[in-house]
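Student: show me how the following folds:
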Amino acid sequence: MKEISNIYNGNFENYTLPFFWLHGESEEVLVNYMQKIHDSNIKAVCIESRPHPDFMGKRWWNDLDIIIREAKRLNMKIWILDDAHFPTGYANGLVKKKYPERLKTLLTHRVVEVLGPKKSIGVNTKNLLDPTAKIISVYAKQGDKFINLKESMEEEIIYFDIPAGVWKIYMIYESQKVKYNSDYINMVDKESCDILIEAVYEPHYERYKSEFGKTIAGFFSDEPGFMNEKGNKGDSAIGKVMPLPWSNEVKERLKSRLGNDYDLKLSSLWYEESYSSEVRYVFMDICTQLYKECFSDNLGNWCRGHNVEYIGHVIEDRDSNARLGVGPGHLFRAMAGQDMAGIDVVLNQIIPGLDNGMHPALTGEWENEFFHYALAKLGSSLGHIDPKKNGRTVAEVFGAYGWHEGIKMMKWIVDHFLIRGVNHFVPHAFSGKSFPDIDCPPHFYGHGNNPQFRYFGKLMEYLNKTCTLLNGGHTKPTAAVLYHAEAEWTGKFMLTQKPTRVLTQNQIDFDIIPNDVFVFKDYFKTTIEDYLYINNNEYKCLIIPYCEYISEELLQFIVKAKNSKLKIVFIDGLPSGVFNSSDKVLLKNLHHVDIVPLMDLATYMNSNNLYTIKCKKNEPYLRYSSFAKEESEYMMFFNEDPINTIEASIKFKTDKPVYKYDILNNKITKVDYNGSIKVILSPYESFIYILGDVDFSIVSKEIVTGTKIKVVNSKYKVSIANALEYPKFTEVFTLEKLENLSLSKYLPNFSGTFRYETDVEFEQDIDIAMIDLGRVYEVADLIVNGKYVDTRICPPYKFYISNLLKSGKNTICIDVTNTLDKQIVDCFSSTEEIQPSGLLDTIKIVY
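Tutor: This next block holds a predicted model:
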């Protein structure tokens, strides 16, 4: 247990690489910012070029020279965001400038409807609205009957006879008329994707070859996608009438899998036809495999071949993770080449406690269920099952929430991701632009204007300590839940987040797994023994959300698992077809599986002992995860309810001693275990329980106070200091009672630190006491009789003190720091509630 002692004593690794936005700032600013980032317990940055005026130009290289010099001085690492701006794929404009023939190419179509019978009718095959269009197929179709007109398609107007009835004439084109990000690479064409390497990766290597694998850690791709269209809030699912990804390789693979007449089936990509499920599956399978090969694997292999790593994330929200448009079609394939799995949360996509329905935000609405119950697990699951990732998942966090987001919410977001298996973080962002920068706040430093920046390092220390403990451990999920991508491409389906919500709210850990683990079994190390094993992770239950169609490979695995102990659950019903085979025999061999309604899933899991811990009563907002490392096991608990305290009796089996580690406040205590433990968590609070031996010298005794309570009813002298003035305070008034200091009668536009000073009298010296501040917004420092006690960045705002309260008069001083949204109004915060400021409850002293 040396690692616990090291972390306790302040020895921990770095798992944080915040965005550092470059705008062409002066050397003085760059040097100052690198120092400030370093002093915040951060040992890496990801430099973002998006706002830089001269990316890949002389000024860019000069700025990067300075940052690399400072990083070496501070023993920091540098990651480089890999394009002139997001989304990745612009290749710094090189595609249009040098290789216009490799620009994004699309599959489009036109339809002419005719009524037969008629002789020698004609249609114009030229697409008059698209001069780039090249016709690749033309045919007439009525139901399953078709007339191949390809032999005539060289003619601009073709003439043909049409039989009786209504027929549709489909003209299919290859086009480079692109309405969204038209200057971007083609994600299904390797030569096109190579241009990004030529434009960005190779010039950095040429200039900084000696720093690759040393100071320069790798590259970061930000939100690449097919971008065949922008879409409307993630609606670019296959089957929608829209332009589609296309390349010669797509064409050749379609021909190989669907036959030489593949082009006579292309209309089923847009319209419901008898073989739509098959064709849509084959098309999406080809496109997402090519995305993986041409883009993700390509960049990842280049990086690894040059001694650096490749990371990043795609657009996951609005279910785009399994769709086209801004999405990558298949999240797991899109990040296959990366050395870490990646996700992001921005724009108020996750708000504590709001986990139902739709959340209105600046850019529309967010589906709360997806963000609370699927997003983080999509990332960490890939980190667990892909051998290349080594258990690592990175999350971009905090960005574009607005100035209303402070350290308290950031701590909640960090815990949300930590407990779901995320173990690397990209805080968004440090901006060197003059304050206030309106671009996607909050900005952690803001040239010293953010009053909470002095506490940011405490949050980063907590994050890095926890990640140091979590990294290298082996998670212990109970269930594997099938990712819904192929099911969505082919028919009726259930979103993955439906069953994962049930599991999460019942403290049953899981991974989300793609169908590919059953196709590429050797790579993923997929086996069936007593249970399902993927990359050495054991799963006692396989859960398949409702799908109309299923893969042949998964069916074969299910049949093979018949005599194992693996529980196989189909939610709400069995599939009716196989999307990659016409043989339905395997569907008749599913008598050993269980069909469970979604509403009964929790009962099923509990009745079949498919859990590792058991709460005495239902605790839907208690979050739990477990992992093993060396000779010890760890359990993390987090209260995601932002209002109510959780008190839970939790039953589990162990023959080892149990300790509670409060990493935020660096305190380890022994826990009474008699088959169960009692877990008490205030809102925003999290603990890690250690199952194993701990060095006795770092274990504290649980502090026990007396039962007397003194309510502080005295007046408060209030002084204020903004971030630049701190710690020089100016007295403003005296308060008779505690209330919101952002009310119009007080300081509605003030952002900074409120200092409260009051006196409390005792008749004798107090050995041990607990000072409870109650509700606070937002960060609180406590000073008693001139001695600094501690800081609380989130609830509970309770401080334990020893031998500080004396007989007679005692001075209590509390500094409370709020957020910048009171001083700066921003559009990102405009859809969220405005929090009060200061001390909001009566202060109690328990002794």
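Student: who are the packing partners of the lowest-mean-pLDDT helix or strand in the chain?
Tutor: Least confident helix or strand of the chain, by mean pLDDT, DSSP states H and E, is strand 474-475 with a mean of 90. Packing partners of strand 474-475 (3 or more C-beta pairs under 8 Å, 6 or more residues apart in numbering; DSSP states H and E): strand 622-629. All C-beta spots, glycine's among them, are computed from the backbone N, C-alpha and C.
Student: strands of the stretch 601-750 of the chain, start to end?
Tutor: Here the stretch 601-750 of the chain has its strands, by DSSP state E, counting those that start in this stretch, at 614-615, 622-629, 632-639, 646-651, 658-662, 667-670, 676-681, 686-691, 699-700, 709-711, 716-721, 730-735.
Student: quick one: strands adjacent to the second one?
Tutor: Put plainly, it is strand 622-629. Next to strand 622-629 in the sheet, as set by DSSP bridges, lie strand 474-475 (antiparallel), strand 632-639 (antiparallel).
Student: shouldn't Ile121 be in contact with Ile162?
Tutor: Yes. In this structure Ile121 lies within contact range of Ile162 using C-beta atoms under 8 Å: 6.0 Å.
Student: now do the shared contacts for the two.
Tutor: Residues touching both Ile121 and Ile162 (C-beta atoms under 8 Å, 6 or more residues apart in numbering): Val114.
Student: and the helices in the stretch 151-300 of the chain, which stretches?
Tutor: For the stretch 151-300 of the chain, helices defined by DSSP state H, counting those that start in this stretch occupy the ranges 190-196, 202-208, 248-258, 276-290, 298-305.
Student: check contacts around the closest residue to Glu529 other than its chain neighbours.
Tutor: For Glu529, ignoring the flanking residues on the chain, the nearest one in space by C-beta to C-beta, 6 or more residues apart in numbering is Ser564 at 7.0 Å. By C-beta under 8 Å, 6+ apart, the residues touching Ser564 are Ile528, Glu529, Asp530, Tyr531.
Student: derive a PyMOL selection command for the buried subset of those residues.
Tutor: Provided next is the PyMOL selection string for whichever of the contacts of Ser564 are buried by 16 or more other C-beta atoms under 10 Å:
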select buried, resi 528+531
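Student: what's the local residue count around the spatially closest residue to Pro352 that is not a sequence neighbour?
Tutor: The shortest distance from Pro352 to any non-neighbouring residue, by C-beta to C-beta, 6+ apart, is to Pro642 (3.9 Å). Pro642 has 17 neighbours, counted by other C-beta atoms under 10 Å.
Student: same check, this time on Ser120
Tutor: 8.
Student: got it, and Asp821?
Tutor: 23.
Student: pretty sure it sits against Tyr401.
Tutor: No. Applying C-beta under 8 Å, one finds Asp821 not in contact with Tyr401, separated by 10.1 Å.
Student: anything in contact with each of these two?
Tutor: When contacts are counted by C-beta under 8 Å, 6+ apart, the set common to Asp821 and Tyr401 consists of Ser829.
Student: Ser268 contacts Arg280, doesn't it?
Tutor: Yes. The criterion here is C-beta under 8 Å, and Ser268 meets it with Arg280 at 7.0 Å.
Student: would you mark the buried spots in stretch 180-198?
Tutor: Neighbour counts over stretch 180-198 (16+ other C-beta under 10 Å) mark 180-181, 183-190, 192-197 as buried.
Student: ok, now stretch 487-496?
Tutor: Of all the residues in stretch 487-496, those buried under the rule 16+ other C-beta under 10 Å are Ala487, Glu488, Trp489, Thr490, Gly491, Phe493, Met494, Leu495, Thr496.
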